[in-house]
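>>> What follows is a predicted structure for the sequence shown.
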Amino acid sequence: MADKKVWIQSATVAIDEETDALRVAAFGLKVLAAGVKVIGDTGSGDAVQLTASSIACQMVILMAPTPGNANGANDDAIFASVNDSAPTHAACLLQGRYISKANFEGIRIYTDDPAKVYLAGFAAGDEIRYQIVG
């Protein structure tokens, strides 16, 4: 019997470190964790780490809270960057992606670990809603 060959137009694959085999996700992505992170004003120190613990993932979705949120909408923008260690507020602004206070749809940050995502803000009480997807 001949091997059946299938053309894959696009896929996310990983290489198994032990066998060098390609691993392809058979199903779509799912939300592994979700929550709210209060960022506040980080201007005088380091950026805030999104999660303290590592979770293997493919991306993190970050969204500004809507005006109907219990704490209301944010007063200012938030910046997000991916780093191996905590960047300063200023470094996060230079390296980071801008999340406007009205960005309710969110942005995607492609990373393998949400503990590498750091956030910088300007206003006390400002927060970000997040989903960790894998």
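Right, received. Where do you want to start?
>>> Any idea which residue is closest to the centre of the chain?
Nearest to the mean C-alpha position of the chain, counting by Cα atoms, centre = their mean, stands residue 60 at 2.7 Å.
>>> looking at this, it is in a helix?
No. Under DSSP: H, G, I helix; E, B strand; the rest coil, residue 60 sits outside any helix and is assigned strand.
>>> you'd agree it is up against residue 106?
No. At 9.5 Å, residue 60 and residue 106 do not qualify as touching, with contact defined as Cβ atoms under 8 Å. The way it works is simple: take the backbone N, C-alpha and C, and place the C-beta from them, glycine included.
>>> right, and the helix or strand after the lowest-mean-pLDDT helix or strand in the chain?
Every helix and strand of the chain was ranked by mean pLDDT, DSSP states H and E. The lowest is strand 22-24, at a mean of 68. As assigned by DSSP states H and E, the chain's next helix or strand after strand 22-24 is strand 31-38.
>>> buried stuff in that following strand?
Buried residues in strand 31-38, defined by neighbour count with 16 or more other Cβ atoms under 10 Å: residue 37.
>>> counting contacts, what elements does the next helix or strand after it pack onto?
Next in sequence after strand 31-38, counting helices and strands by DSSP H and E, comes strand 48-49. Applying 3 or more Cβ pairs under 8 Å, 6 or more residues apart in numbering; DSSP states H and E, one finds that strand 48-49 contacts strand 117-121.
>>> Could you list every helix and strand in contact with the next helix or strand after the strand it packs on?
Heading C-terminal from strand 117-121, the first helix or strand you meet, by DSSP H and E, is strand 127-133. Applying 3+ Cβ pairs under 8 Å, 6+ apart, one finds that strand 127-133 contacts strand 31-38, strand 59-63.
>>> Tell me which of those lies nearest to residue 49.
Closest to residue 49 of the helices and strands packed on strand 127-133, according to Cβ to Cβ: strand 31-38, at 8.9 Å.
>>> Flag the shaky bits of the chain, pLDDT-wise.
Where the chain drops to pLDDT under 70, the residues are 1-12, 22-27.
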